[in-house]
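Engineer: sharing a sequence plus its predicted fold:
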Amino acid sequence: MGILINKDTRVLVQGITGHEGSLQTEQMIDFGTNIVGGVTPGKGGSEVHKKPVFDSVKEALGETDVDASVIFVPPQFAADGIFEAIDNGIELIVCITEGIPVHDMMRVWAYLKTSSSRLLGPNCPGITTPGASKIGIMPNPIHRPGNIGVVSRSGTLTYEIVDTLSKNGIGQSTSVGIGGDPVNGTSFVDVLELFEEDPETHAVVLVGEIGGTVEEDSIEFIKQMSKPVISYIVGVSAPPGKTMGHAGAIISMGVGTALEKIQAFEKAGITVAKSPSEIVRHVKLPPYKV
Amino acid sequence: MGILINKDTRVLVQGITGHEGSLQTEQMIDFGTNIVGGVTPGKGGSEVHKKPVFDSVKEALGETDVDASVIFVPPQFAADGIFEAIDNGIELIVCITEGIPVHDMMRVWAYLKTSSSRLLGPNCPGITTPGASKIGIMPNPIHRPGNIGVVSRSGTLTYEIVDTLSKNGIGQSTSVGIGGDPVNGTSFVDVLELFEEDPETHAVVLVGEIGGTVEEDSIEFIKQMSKPVISYIVGVSAPPGKTMGHAGAIISMGVGTALEKIQAFEKAGITVAKSPSEIVRHVKLPPYKV
Amino acid sequence: MKLYEYEAKEIFLKYDIPIPKSSLVSDIYGAGEAAQKMKDVVIKAQVHTGGRGKAGGIARASGPLEANNSARRILGMSIKGFPVKKVLIEEYREPLKEMYLGITIDRKAKCPVIMASPQGGIDIEDIAKNSPEKITTVHIHPLAGIHEYQARMLAKSLDRNNIPELIDIIKKLYRVFIDNDCQLVEINPLAQTKDGIIALDAKMVIDDNALSRQDFPEEENGSLEEIARKNGMSYVGLDGDIGCIVNGAGLAMATLDMVKYYGGTPANFMDVRAGANEEQVKKALEIVSSGKNVKSIIINIFGGLTKCDEAARGIIDILPELKIPLVIRLSGTNETEGRAMLEKHGIRLAASTEEAAKGVVELGNSNQ
Amino acid sequence: MKLYEYEAKEIFLKYDIPIPKSSLVSDIYGAGEAAQKMKDVVIKAQVHTGGRGKAGGIARASGPLEANNSARRILGMSIKGFPVKKVLIEEYREPLKEMYLGITIDRKAKCPVIMASPQGGIDIEDIAKNSPEKITTVHIHPLAGIHEYQARMLAKSLDRNNIPELIDIIKKLYRVFIDNDCQLVEINPLAQTKDGIIALDAKMVIDDNALSRQDFPEEENGSLEEIARKNGMSYVGLDGDIGCIVNGAGLAMATLDMVKYYGGTPANFMDVRAGANEEQVKKALEIVSSGKNVKSIIINIFGGLTKCDEAARGIIDILPELKIPLVIRLSGTNETEGRAMLEKHGIRLAASTEEAAKGVVELGNSNQ
């Protein structure tokens, strides 16, 4: 089963006529995703990969039910696309777009909280439940159905981890990329909660990185989980982030480096892998053994 | 018992040092209201009627717990006072101020929805539970403890009704003035729901007036209530409201006059009194008889 | 507060919303001069009422002479009781299509609402009634403001061939609405012409509660409404003969209803507001008694913020000059003091709103 | 993007935030002329780094001669590797009290946060660490904006004797923050002087993602960082000798970590981003190979949006000119094609990130 999506999930593609949107729509269709149509203002009435294109989300909803929307709209217009999806009551909004101004995302977040929509991303690779549905841009061939949940802040690193798992015979229940932007929607904890409740998920691989505190924020929840979590946190050798003046130093005092995150995880008794192959080793060991 | 407030409710007065705020604070204290202090920026450290004055709600909360706040701040600053109360997590905010710009109130309303605070008003006389507590400006002597809930959009008309009830030996569980502004907080339905659940309330008197649709909006709920509701709707002889251009006519098409409201109530089988004395008669009749 | 068309258009200009070239004139000489600069003009009466066109307050003219004649005629007019003091001489722009665009407040949704119709003009309300599907309605989140996609939807519903131009106008109109604390801003017709989209008319109503932070010149007309407003009270003239003075709008409406219920007809609605003092009550009596046809007056005060003794003092102050019989009811704060003061002057008091209403109607009947 | 102090102050001026009178000069003649108009001046190096003062990049001067001398000295300086090309000649304003005011984004709360401290100046971070109670922190709702009461609380925490003046500055600074898509705007010190409150320094960082809608001149310095950015990639120079080219920041960090894990030291961080094409991969190789000390290069591509065959083509394009040994790993989209193309050129490919990292480190060791 996996989390958030299944083979029946009806997906709308916002920005379907763009290069990226069109290409990825084709990939999603190939994967088996139930794409019901797309939206590009001014292109209503046309078709992309035999899927109808509408001028607005509202017009799309007049023709078909929609459970989720995936956004490939250019960064300057992406926030508006998210607002449109929220206002139209789309339950799951996956925003792939990279480079959205952070002020836009703060406004989106404040707005999102007043709705019942869930936002995944932006600047994320999306979500894939092998054998069922894919909303996003993860390469099709790397996935393999199974019982490991993957949640990550990265794009290509997620592919690397998923690919490594699959090649070692370890399938995934669902792989989720929450995105690496400073302000985004769904958090590690949100996804971990879903994995904890998902009977198909037996263990979780969490891939973190430097910056922010989303990894630290998930520690308390991980400690309460019944399922094992193997973490992998990158950026140990990364140059220290440029702090944002004194204000940045004051507000983020003493948090955010990869080493600090790793230490915090280890102190909490959470397994920290040092490499993708170590993740595989940990997953194959008891008590996680799948 | 009554609704929303009781003798233990700790009340903060925002705008306590103003003429109105100070006068009404004294009246509330006389009534038995548990006033814990007041707020006026720049007047922190002083006292009004032996109650401490603070510069901000936050500073007040540093010294005392607060369950409710009553706002006597001038209209141009009242919205800010409400925002401050919301941000500080005050559960019940009673805004007496009349003349707040409607754009301010639309912003307040959108903000309020993201919080767990309840706003009563603005431009309202407040709430009184006889024998327990009064937050607002209803004259002290008109109340009498009993089992009739009163909810009204008016100020002085509420006094008239409450006074008439009391003089005829009919006491009130709680009297609530929701305020007459186009955009306000607590609605008729909100109050009716509370009365429906309140064991001390045996019947409800609802006082409505021309304009808007809050009366019509409460009909469905009233029909489901187990307790009798006697309504009184004024403005039958009032000049037709100046419609706001075509837009006003389009948006409020066919609603808002007192006669239309009365007809809608009667059609729904809700008792409509023609005068205060008729309210008394209805309350004393079976099945409402108290 | 309603703005005149020309005032609203001045604001549109500031926000770069396209309007026809125009001149505002208050005499016929100005009209000729203004018309000289334009070929084909429209002369429009500037009055605070609708139906100008049907009343003959709008005229087309070619050249200064015709403009002068029309302006002379219109400047002499009175439309629904409003004398025309100013006319707007506007370049005529032929509408190829007349659309409607309006923003107001949806009380139920508690937020701004934008309405657009591809068919506008004087029949817009009929269109709304008979073909509601032609009106596109979009609610705006008061904190988030208008989203681009919303402006786009509205623009598409107006005219799918001019979407970018219309998006621009819609977003600017929303800014006008917000920045000026509007209760209403309306363009009807919003016209498509051969040179682009243009606002041929403009209507704006400003929230009275926000006037203290907005900068609009108040026009004085010496009306009783205006005098009352300046004294912090609210007066509306009506057709009957019973003057009414009440504190609080709800109680005032109840009082008027009651007067009517007992067979009388109110001469006015007068809310002296909660907290009225001696001076205001006195002023209210002056205003109400100066209304034409007023044969008797009911005063109904339920003291809360208003104190009954203050009200009584205000009444006693003006008593010697007053030629009209009064029925008074005083309740609430300082009731005993107030009643005592009035009774000393031989004034009988009613015990309730109903008794007072009945009393004032009977007074009128016995006078006849 | 960081702004220079003078750029930030130009923006402050537009928003009416008080700043000292000043002139920006890039030669010593200008300095003398500027100083002539002011009595007592401060000459401040305009560089994108902190610690100017300690490095001698700030000097006080009285009169044109002294100003000239100081400006000459500072214009010849280089601070932490940044050559000083411009100095700001500013009227000296004696601070009676130095405060701190800053606005940034709280990632955890996902909203702007305003920080104020009555004690500012160069030691603000120590103050934050050792006396956190001196810092007042207020979070702002991104849709509602700053509330008056919040500005008042911050103002009171700064200086209870100048509350209205400070409220005004705080609200304006918040507008600066919003209107300019700031990641940071900071006044340190915000000084109380005998003539009022004034911003003696100004720091602004603009969100790079918003530069397309903001109008800031980009300064060119010809650095590898800049070349990479202009080609849609992200490069950061480091101290080691192993060049690294990876698509995606996360995978890039993982690759660097792995290199270090096997005992190597990365010469750079280079993210060619998801979707990199032939040209970008070629450009990336040019940039990375031109870094000093680069003895070997690891290329790690996991094709998703990036296609492995495109990447391979980019590598092959530059191969003839390249003098540095490569270790390459290609996975994902069009992997087979890409690998085949490279193998045709005799390039051995690693099967995983770990193998590639290990390989590139061993390459370095065997070279020594």
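Structural biologist: Nice, thanks for sending it over.
Engineer: hang on, C:Thr336 in a helix?
Structural biologist: Yes: assessed by DSSP: H, G, I helix; E, B strand; the rest coil, C:Thr336 belongs to a helix.
Engineer: what number of residues lie near it?
Structural biologist: Using other CB atoms under 10 Å in any protein chain shown, C:Thr336 has 10 neighbouring residues. Just so you know, the C-beta spots here come from the backbone N, C-alpha and C atoms, and that holds for glycine as well.
Engineer: and for C:Ile178?
Structural biologist: Count around C:Ile178 with other CB under 10 Å applied: 19.
Engineer: would you confirm that it contacts C:Ala144?
Structural biologist: No: with contacts defined as CB atoms under 8 Å, C:Ile178 does not count as touching C:Ala144, sitting 11.9 Å away.
Engineer: got any residues that touch both of these two?
Structural biologist: Jointly contacting C:Ile178 and C:Ala144 under the rule CB atoms under 8 Å, 6 or more residues apart in numbering or on different chains is no residue at all.
Engineer: got the phi and psi for the residue of the stretch 1-150 of chain A found nearest chain B?
Structural biologist: Nearest residue of the stretch 1-150 of chain A to chain B (CB to the nearest CB) works out as A:Thr114 at 5.5 Å. With angles defined as degrees, to the nearest 10, A:Thr114 sits at phi -90, psi 0.
Engineer: near chain B, which residues of the stretch 51-200 of chain A?
Structural biologist: Within reach of chain B by CB under 8 Å from any CB of the partner chain, the stretch 51-200 of chain A has these residues: A:Ala110, A:Lys113, A:Thr114.
Engineer: nearest to chain D, out of those residues: which one, please.
Structural biologist: A:Ala110 (4.6 Å).
Engineer: ok, how many other residues are close to the closest one?
Structural biologist: Residues near A:Ala110, counting by other CB under 10 Å: 18.
Engineer: show me where the stretch 101-250 of chain A has its strands.
Structural biologist: A:118-120, A:126-129, A:133-136, A:145-152, A:172-177, A:203-209, A:229-234 (DSSP state E, counting those that start in this stretch).
Engineer: give the pairing partners of the shortest one; include direction for each.
Structural biologist: Read that as strand A:118-120. strand A:92-95 (parallel) (DSSP bridges).
Engineer: got it, and the second one?
Structural biologist: Here strand A:126-129 is paired, per DSSP bridges, with strand A:133-136 (antiparallel), strand A:172-177 (antiparallel).
Engineer: now the strands for the stretch 151-300 of chain C?
Structural biologist: Under DSSP E, counting those that start in this stretch, the stretch 151-300 of chain C gives strands at C:182-193, C:196-199, C:203-206, C:234-237, C:242-246, C:268-271, C:296-303.
Engineer: any idea how far C:Gly346 is from chain A?
Structural biologist: 63 Å (CB to the nearest CB, to the nearest Å).
Engineer: for that residue, grab the count of nearby residues.
Structural biologist: So C:Gly346, with other CB under 10 Å, has 7 neighbours.
Engineer: cool, and the one 4 residues further on?
Structural biologist: Each residue near C:Ala350 was counted by other CB under 10 Å, and the total is 20.
Engineer: so which bits of the helix-or-strand element of chain C with minimal mean pLDDT are buried?
Structural biologist: None of the helices or strands of chain C scores lower by mean pLDDT, DSSP states H and E than helix C:28-36, at a mean of 79. The neighbour-count check on helix C:28-36 (16 or more other CB atoms under 10 Å in any protein chain shown) flags C:Ile28, C:Gly30, C:Ala31, C:Gly32, C:Ala34, C:Ala35 as buried.
Engineer: show the pLDDT at the one residue in chain C that gets nearest to chain B.
Structural biologist: Going by CB to the nearest CB, chain B is nearest to C:Gly250 of chain C, at 2.5 Å. As predicted, C:Gly250 sits at a pLDDT of 91.
Engineer: including pLDDT, could the residues of the stretch 51-200 of chain A next to chain B go into JSON lines?
Structural biologist: Shown next, in JSON lines, are those (pLDDT from 0 to 100):
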{"residue": "A:Ala110", "pLDDT": "97"}
{"residue": "A:Lys113", "pLDDT": "94"}
{"residue": "A:Thr114", "pLDDT": "93"}
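Engineer: distance to chain D added to these, as CSV?
Structural biologist: As requested, these are arranged in CSV below (distance: CB to the nearest CB, whole Å):
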residue, distance to chain D
A:Ala110, 5
A:Lys113, 9
A:Thr114, 9
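Engineer: filter the residues you listed down to the ones close to chain C.
Structural biologist: Counting by CB under 8 Å from any CB, the members of these near chain C are A:Ala110.
Engineer: in CSV: the residues of the stretch 51-200 of chain A next to chain B, plus distance to C:Ala45.
Structural biologist: Formatted as CSV, these follow (distance: CB to CB, whole Å):
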residue, distance to C:Ala45
A:Ala110, 47
A:Lys113, 51
A:Thr114, 46
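Engineer: closest to B:Asp30 out of the residues of the stretch 51-200 of chain A next to chain B?
Structural biologist: A:Thr114 (41.2 Å; CB to CB).
Engineer: distance check, the closest one against A:Arg107.
Structural biologist: 12 Å (CB to CB, to the nearest Å).
Engineer: again, but for A:Asp163
Structural biologist: 36 Å.
Engineer: got it, and C:Gly359?
Structural biologist: 61 Å.
Engineer: tell me which residue in chain C sits closest to chain D.
Structural biologist: Counting by CB to the nearest CB, chain C gets nearest chain D through C:Leu143, at 3.8 Å.
Engineer: tell me which helix or strand that residue sits in.
Structural biologist: Using DSSP states H and E, C:Leu143 sits in no helix or strand.
Engineer: per-residue pLDDT of it, please?
Structural biologist: 97.
Engineer: that one and B:Tyr111 touch, don't they?
Structural biologist: Yes: between C:Leu143 and B:Tyr111 there is a contact under CB under 8 Å: 6.6 Å.
Engineer: what do those two both touch?
Structural biologist: The contact lists of C:Leu143 and B:Tyr111 share D:His141, D:Ala144, where a contact means CB under 8 Å, 6+ apart.
Engineer: done for today, thanks.
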